[in-house]
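Chemist: structure for this input, please:
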Amino acid sequence: MRDSIVRLEGAAKTFPTPEGLSVTALDAIDLDVDRNEFLTLLGPSGCGKTTLLQAISGFVELDAGRILIDGEDMTTRPPYRRPVNTVFQNYALFPHMTVGENTGYALEVGGVAKSERMKQVAAALDMVGLTGLEGRRPRQLSGGQQQRVALARAIIARPKLLLLDEPLSALDKNLRQSMQIELKTLQSELGISFIFVTHDQQEALTMSDRVAVLSGGRIQQLDTPRNIYDRPNNSFVATFVGASNLFEGQLDNGWLLTSDGTAIRYVPSVGNVSGKARALIRPEQFFISREGRDHPFLDVEVEQLVFVGSSFELFGHTAEGRKVIAEIPAGRRSFVGEVEQTRKARLSYDPAAVHLIRCDADGI
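Modeler: Have a look, this model is predicted:
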């Protein structure tokens, strides 16, 4: 039995549209969040991830279902009576207050004595690396510093659960990547559960213990980052999380045969020896070979070769017109030079790396 800090049972929510119709934001979702877990809700805009977060915090009332936090039914309890704090996308800092005052606001409202409050504020600011900035106001801080103040304010009361609604989206790339590691480290040190909302796939894979991929108000897959990427449940997860090459066809004794004549080799296992399926090959699982004797391969005409620093992205198509994406490490420059000259590439792959998605998982 799971040691859950949060449990959702049949959580459902619809919203009216201006046309007098309704849109389903949450479609009878069941979810358990473990204690001390970093869980990320990942999905495109409108998939239901922010509604789910707001339902847990109490800012959205469910149409049906229950929300339990630490074993207590919180379904109808108002936000201020839930053991939850939220870090918002815009940080929601009080502009007229100093860093120290913003951080200690909840303690002041709770009647904590000034001397004790100052101690706890100092400890919280030290934890997020802002010691010495207690007297500054939000407008005197960078975006990353404001984000840290919002975190300090959220953790100072040691909530059982911390909710984060895309708090890194306003940061530049380098700072964002740095804060991803800091957030994960902070979560481990605090020993409390984080539920993090993002539409950034790399962010979700980098930070999370588990990822819930949402679409259409439903959880499409709830799993570890590695399984989400390597073994997606369906085509939506495969294409939303990372770049992908999907080949649809019939399984035939270790081969997937497409309607255009493409053949993809895979390693058979119990339950995937026949029928209709899609074969997933990630771009980085291709490698350029001159002969292709030891591995199955695809010959492609190269349309574009894009240098992105650590690798080259190859965009091409097979003789049958099928689009293919491959990633070539920058260290294989000798092969890249040949490809640039000939505009042709033989892309080999390991059959053991091919992941099959049964078409019935996609409702086909």
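Chemist: how about the secondary structure of Glu189?
Modeler: With DSSP: H, G, I helix; E, B strand; the rest coil as the basis, Glu189 sits in helix.
Chemist: could you check how many residues crowd around it?
Modeler: Using other C-beta atoms under 10 Å as the criterion, Glu189 is surrounded by 10 other residues. C-beta coordinates here come from the backbone N, C-alpha and C atoms, glycine included.
Chemist: now it: how far from Val302?
Modeler: 48 Å (C-beta to C-beta, to the nearest Å).
Chemist: any weak-confidence spans in the stretch 251-364 of the chain?
Modeler: With pLDDT under 70 as the threshold, the stretch 251-364 of the chain has low-confidence stretches at 270-273, 290-293, 361-364.
Chemist: tell me which stretches of it form strands.
Modeler: Remark: strands assigned in the stretch 251-364 of the chain by DSSP state E, counting those that start in this stretch are 255-258, 263-265, 274-281, 287-288, 297-307, 311-317, 323-329, 344-348, 355-358.
Chemist: break the protein into its domains for me.
Modeler: Each domain of the chain is listed here as a residue range: 4-237, 243-362, per automatic domain parsing.
Chemist: follow-up on the earlier one: could the strands of the stretch 251-364 of the chain go into a markdown table alongside distance to Val149 and mean neighbour count?
Modeler: Rendered in a markdown table, the data for these read as follows (distance: least, C-beta to C-beta, whole Å; neighbours: other C-beta atoms under 10 Å):
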| stretch | distance to Val149 | mean neighbour count |
| --- | --- | --- |
| strand 255-258 | 53 | 17 |
| strand 263-265 | 51 | 18 |
| strand 274-281 | 42 | 19 |
| strand 287-288 | 47 | 20 |
| strand 297-307 | 39 | 15 |
| strand 311-317 | 37 | 18 |
| strand 323-329 | 39 | 19 |
| strand 344-348 | 49 | 20 |
| strand 355-358 | 43 | 19 |
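Chemist: what ranges do the helices span in this structure?
Modeler: 49-57, 99-103, 105-109, 114-127, 143-155, 173-190, 201-207, 225-230, 235-240, 333-342 (DSSP state H).
Chemist: the last one - contacts with which helices or strands?
Modeler: Judged by 3 or more C-beta pairs under 8 Å, 6 or more residues apart in numbering; DSSP states H and E, helix 333-342 is in contact with strand 297-307, strand 323-329.
Chemist: repeat for the longest one
Modeler: Using 3+ C-beta pairs under 8 Å, 6+ apart as the contact criterion, the secondary-structure elements in contact with helix 173-190 are helix 143-155, strand 161-165, strand 193-198, helix 201-207.
Chemist: returning to that earlier point: which of the domains of the chain is buried the deepest?
Modeler: Relative to the other members of the domains of the chain, domain 4-237 carries the highest mean neighbour count by mean count of other C-beta atoms under 10 Å, namely a mean of 18.
Chemist: what does the average pLDDT come to for that domain?
Modeler: This predicted structure assigns domain 4-237 an average pLDDT of 91.
Chemist: how distant is that domain from the center of its chain?
Modeler: The chain centroid and the centroid of domain 4-237 are separated by 13 Å, computed with C-alpha atoms, centre = their mean, to the nearest Å.
Chemist: can you start the count at 34 instead of 1 from here on
Modeler: Sure, I'll start counting at 34 from here, so that last one is domain 37-270.
Chemist: still on that earlier bit, let's have the helices and strands packed on helix 206-223 in CSV, adding distance to Leu54.
Modeler: Listed next are those as CSV, based on distance: least, C-beta to C-beta, whole Å:
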stretch, distance to Leu54
helix 176-188, 36
strand 194-198, 26
strand 226-231, 26
helix 234-240, 31
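Chemist: relative to Phe92, which of these is closest?
Modeler: Evaluated with C-beta to C-beta, those place strand 194-198 nearest to Phe92, the distance being 9.9 Å.
Chemist: show me the contact partners of that closest one.
Modeler: 38-39, 66, 83, 86, 89-90, 102, 116-122, 187-188, 216, 220, 223, 225-230 (C-beta atoms under 8 Å, 6 or more residues apart in numbering).
Chemist: test my guess that Lys356 contacts His350.
Modeler: Yes: look at Lys356 against His350 with C-beta atoms under 8 Å: they come within range, at 5.5 Å.
Chemist: so which of the helices of the chain is nearest Thr50?
Modeler: Of all those, helix 82-90 sits nearest to Thr50, with 14.6 Å by C-beta to C-beta.
Chemist: which helices and strands does the closest one pack with?
Modeler: Counting contacts by 3+ C-beta pairs under 8 Å, 6+ apart, the secondary-structure elements packed against helix 82-90 are strand 37-49, strand 55-67, strand 71-75, strand 97-102, strand 117-120, strand 194-198, strand 226-231.
Chemist: any chance of these in a markdown table, plus distance to Lys309?
Modeler: Formatted as a markdown table, the entries for the helices and strands packed on helix 82-90 read as follows, by distance: least, C-beta to C-beta, whole Å:
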| stretch | distance to Lys309 |
| --- | --- |
| strand 37-49 | 32 |
| strand 55-67 | 26 |
| strand 71-75 | 28 |
| strand 97-102 | 35 |
| strand 117-120 | 44 |
| strand 194-198 | 40 |
| strand 226-231 | 33 |
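Chemist: and of these, who's closest to Ile321?
Modeler: Distance to Ile321, taken as C-beta to C-beta, is lowest for strand 71-75 among these, at 31.7 Å.
Chemist: only C-alpha atoms, please: export the closest one in PDB.
Modeler: What follows is strand 71-75, C-alpha atoms only, in PDB (Å, rounded to 0.1, in the frame of the first residue of the first chain):
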ATOM      1  CA  PHE A  71       8.700  15.300  -6.500                       C
ATOM      2  CA  LEU A  72       5.800  14.800  -8.900                       C
ATOM      3  CA  THR A  73       5.500  16.800 -12.100                       C
ATOM      4  CA  LEU A  74       2.200  17.400 -14.000                       C
ATOM      5  CA  LEU A  75       3.200  17.700 -17.600                       C
END
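Chemist: all good on my end, thank you.
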